[in-house]
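Enquirer: Return atomic coordinates for the entry below.
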Amino acid sequence: MASIVFVDVETGGLDPERHSLLTVGLVTLDTRTGELSRPTLLKVRDTPYRVEAEALEINRIDLQSHHGQAAEREHAAHELHAYLQYRRKKRVMVGGHNVSFDLRFLRALLPSWNEVVLGGVIDTKVIAHFLMHTGALPRLQSSRLEDLAAHFDVRYEAHDALEDARATALVYARMLKLAAERT
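Expert: Got it, this is the predicted structure:
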């Protein structure tokens, strides 16, 4: 598979049944060239917003400003579906960092998720642990995206969905290169 869609979300908390999905970052990685394309940030309006103050502080999201720029959930779901369907009728591979968290919110936003996305996902957190166990990657302070980005010399400013998706895609591209060099 030559293209992988990397995703990240910013939310109002940890539980998709109790907290709002606020932003979705998407970027497509061409695994053959390492090129990124189609960077997209979807802002989701969810009234009433269900958020924890701590989550907004971490994500640096001002709800008033966000609300004025955000699309209704149904429109955001349509935009997400359209992004994922760019290959026409072929399901896409998705990736992310600790991506199971993101997928819970994305599946809640887009009930047709399994129709447009392949069952397997790329998780750079899991891959980092694998590479550390094999000795291909030195033991880092942690497997957080910030630490992986620093190790692979990827510029990164945390807690913005599009920036997180972009950095994750670039970290994955560096992981692919590392694996290729070791074979």
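
Enquirer: show me where the chain has strands.
Expert: 3-11, 21-30, 36-45, 71-72, 92-96, 117-123 (DSSP state E).

Enquirer: Listing partners with orientation, what would you give for the first one?
Expert: Think strand 3-11. strand 21-30 (antiparallel), strand 92-96 (parallel) (DSSP bridges).

Enquirer: Now distance to residue 119, mean neighbour count and mean pLDDT too, for those, in TSV please.
Expert: Placement of C-beta: from N, CA and C, glycine included. TSV is the format used below for the strands paired with strand 3-11 (distance: least, Cβ to Cβ, whole Å; neighbours: other Cβ atoms under 10 Å; pLDDT from 0 to 100):
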stretch	distance to residue 119	mean neighbour count	mean pLDDT
strand 21-30	19	23	98
strand 92-96	10	22	95
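
Enquirer: can you list the weak-confidence ranges in the chain?
Expert: 1, 87-89 (pLDDT under 70).

Enquirer: can you give me the helices in it?
Expert: Assigned by DSSP state H, the chain shows helices spanning 53-59, 63-69, 73-84, 99-109, 113-116, 124-134, 145-151, 161-181.

Enquirer: And the strands of the chain: which comes nearest residue 82?
Expert: strand 36-45 (9.8 Å; Cβ to Cβ).

Enquirer: returning to what we had before: the strands paired with strand 3-11: which one's closest to residue 62?
Expert: strand 21-30 (10.8 Å).

Enquirer: Now do the closest one against helix 73-84, angle only.
Expert: Strand 21-30 runs at 10 degrees relative to helix 73-84, counting by axes from the mean of the first three to the mean of the last three Cα atoms, to 10 degrees.

Enquirer: what angle separates strand 21-30 from strand 117-123?
Expert: Using the same axes, to 10 degrees, strand 21-30 lies at 90 degrees relative to strand 117-123.

Enquirer: Measure how strand 21-30 sits relative to helix 99-109, angle-wise.
Expert: Using the same axes, to 10 degrees: strand 21-30 against helix 99-109 is 110 degrees.

Enquirer: quick one: strand 21-30 to strand 36-45, angle?
Expert: 170 degrees.
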